[in-house]
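Trainee: The sequence and its predicted three-dimensional model are supplied below.
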Amino acid sequence: MTDIIPTSTRVPGTYVGYDFSRAGRALASGEEYVVILAQRLATGQIAALTPTDVFSAEEAADYFGRGSQAHRMVAKAIDANANLKLAVCALDDDGAAVAATGGVALAGTASSSGQVRLQVAGVTVAVAVSTGDEAADLMTALVQAVVSKPDLPLTAAAGSVTVQGAPADGVVLTARNKGACGNEAGLTLTVTATGLTGTLIAMSGGQGDPELAPALSAIFSAGHTVVVTPYSTDDALSALATHLDKVSGPTEQRGAVGIAGWRGTLATGTTLTGKLNASRISTGWHNASVLSNGELAAVYGAVLASEDDPSEPIDNIVLPGLDIPPQATWPMRTEEENALHNGLTPYRVAGDSVQLVRAISTYIKNSEGIEDATLLDLTTIRTLDYVRIAWRTRMSQRFPNGGKLTDRRLLQIKSETLDVLYALEGLEMVENIDAYKDQVIVVRNARDDTRADASIPAPVVRGLHILTGTIYLY
């Protein structure tokens with residue numbers, strides 16, 4: 001019986017109230033909520049360190065500056081998952097940061113028609129060439145062509161560049177955002193008109209990423225389930241791992257994972273993930289990509305959030321909007337295997353698309369330095385987070401104010417716990433609950449007579465990642 005109708009009532013009559021605490025039996029929805037941490041431009045309308053929901057790339061351009069790191073990451077994420085629930089917490093460029101620069105130099109006079117094509121992060125900027133066109137005029141046209149594409153991560157201006165150790169007239173390319181992110185804009189130059197030669201200077205010299213700590217503090221209580229970072233450095237990922245452990249711990253209980261990207265070599269990538277060894281961070285590796293680490297992470301995070309079932313394996317899933325690097329740079333199977341044994345999540349080119357091979361965390365060793373596959377797959381920790389949400393939601397429904405700590409209440413808690421586990425088993429998130437039901441234990445705490453402790457087995461269903469067969473010849 002409930003105490004909705006006060007026992008102090010003395011006026012005769014029949015009184016009927018409603019108690020909704022036993023109505024809900026459905027499990028919690030566990031909706032995914034992605035947040036992107038990225039740099040803004042001074043032209044953006046939203047101040048730094050202000051978590052803001054974003055619904056389109058155009059909004060991101062207005063909020064954070066067109067062509068900014070934040071704008072470009074949002075555009076990639078929404079292109080990969082149009083139904084994404086997305087927020088951005090922007091950062092200002094570091095005050096001591098240096099912008100990356102690159103350049104193009106043309107020489108000669110065209111003796112045939114053709115094009116000068118500059119690819120910037122996979123986007124082609126082309127200038128038409130006619131017979132007799134001079135290099136200086138074509139470079140002026142190239143500057144105008146680059147400026148006409150404000151979504152690019154860099155700007156262009158006429159200036160001096162270095163060709164074979166000597167200064168020369170050219171097109172100077174400067175990253176919009178200062179810091180190391182500007183070094184990650186891949187460039188390719190193609191000149192098809194005869195009589196002209198071209199020299200390309202890759203983007204370099206960018207230094208000084210902003211600290212992640214202020215942004216992580218700003219989003220601490222927001223409840224994001226996927227945190228996307230553009231910075232794949234020891235310091236940044238260590239700060240993110242600490243943040244994820246805190247918000248996901250037993251007191252805060254807002255389970256989240258972090259996603260980073262890596263466009264460098266296998267050796268440098270596995271060195272990075274090996275030092276990190278974090279069960280809540282996954283780093284996607286797309287070797288020799290022309291996109292930035294942040295854009296690689298944004299696509300991965302958006303696709304991860306598209307999967308409603310946290311226990312569903314994320315194998316061979318398409319990552320829309322990623323570039324296809326030259327075939328010579330595609331990882332071999334042995335390199336993919338090496339990556340997966342060292343906490344690095346490889347991407348694979350499959351036809352005209354890019355796929356994620358297997359979503360794993362960077363956790364590879366236990367505290368004693370022994371190889372440990374317990375939390376290898378990212379689905380494991382995400383499923384445990386969901387089990388916690390489901391159980392906490394049921395407890396809050398059935399016992400909204402706790403109630404009295406009696407043996408009867410302990411039995412009710414145990415019964416509801418089993419009901420949740422069987423419901424999760426029906427969704428194939430956990431399995432064999434009959435075999436584990438005796439491990440559901442609810443007891444009074446020995447040192448606090450107002451506290452009950454529950455033991456909840458969670459035999460998480462593992463993904464079918466590998467299927468083998470033997471064909472016998474008779």
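Mentor: All right, it came through fine.
Trainee: which residues touch Gly403?
Mentor: The contact partners of Gly403, taken as C-beta atoms under 8 Å, 6 or more residues apart in numbering, are Arg409. Any C-beta I mention is one placed from the backbone N, CA and C, and that applies to glycine too.
Trainee: same thing with the one 10 residues further on?
Mentor: The neighbours of Ile413, taking C-beta under 8 Å, 6+ apart as the test, are 395, 399, 442, 452, 454.
Trainee: Of these, which belong to strands?
Mentor: When strands are assigned by DSSP state E, the members of the contacts of Ile413 inside them are 442, 452, 454.
Trainee: any idea how this protein splits into domains?
Mentor: For the chain, the domain assignment from automatic domain parsing gives the residue ranges 34-92+210-379, 101-204, 404-474.
Trainee: Mind checking the ones you listed for the one nearest to Pro12?
Mentor: In terms of C-beta to C-beta, the element of the domains of the chain nearest to Pro12 is domain 404-474, at 29.4 Å.
Trainee: next one: that closest one to chain centre, how far?
Mentor: When distances are taken as C-alpha atoms, centre = their mean, to the nearest Å, domain 404-474 is centred 30 Å away from the chain's centroid.
Trainee: Span of it from start to end?
Mentor: Between the opening and closing residues of domain 404-474 lies a distance of 71 Å (C-alpha to C-alpha, to the nearest Å).
Trainee: ok so, going back, looking at the ones in strands among the contacts of Ile413, which is nearest Gly95?
Mentor: Distances from Gly95 to these, taken as C-beta to C-beta, are shortest for Ala454 (49.9 Å).
Trainee: Can you report how many residues lie near Ala28?
Mentor: Neighbouring residues of Ala28 were enumerated by other C-beta atoms under 10 Å; the total is 17.
Trainee: nearest residue to it other than its sequence neighbours?
Mentor: Thr393 (4.1 Å; C-beta to C-beta, 6 or more residues apart in numbering).
Trainee: How about Trp330?
Mentor: Nearest-residue entry for Trp330: Val349, 5.3 Å, with adjacent residues in sequence omitted and distances by C-beta to C-beta, 6+ apart.
Trainee: Double-check that Leu356 belongs to a strand.
Mentor: Yes. Leu356 sits within a strand when classified using DSSP: H, G, I helix; E, B strand; the rest coil.
Trainee: quick one: it and Gly284 touch, right?
Mentor: Yes. Look at Leu356 against Gly284 with C-beta atoms under 8 Å: they come within range, at 6.7 Å.
Trainee: what sits in contact with each of these two?
Mentor: Once C-beta under 8 Å, 6+ apart is applied, the residues that Leu356 and Gly284 both contact turn out to be 300, 319, 345-347.
Trainee: which residues in the protein form helices?
Mentor: Here the chain has its helices, by DSSP state H, at 57-64, 69-80, 135-147, 213-218, 234-248, 266-276, 293-305, 333-340, 378-398, 407-426, 433-436.
Trainee: how many other residues sit next to Asn277?
Mentor: Using other C-beta under 10 Å, Asn277 has 18 neighbouring residues.
Trainee: picking up where we left off before, so for Leu356 and Gly284, which sits in the more crowded spot?
Mentor: With neighbours defined as other C-beta under 10 Å, Leu356 and Gly284 compare such that Gly284 has more, 30 against 24.
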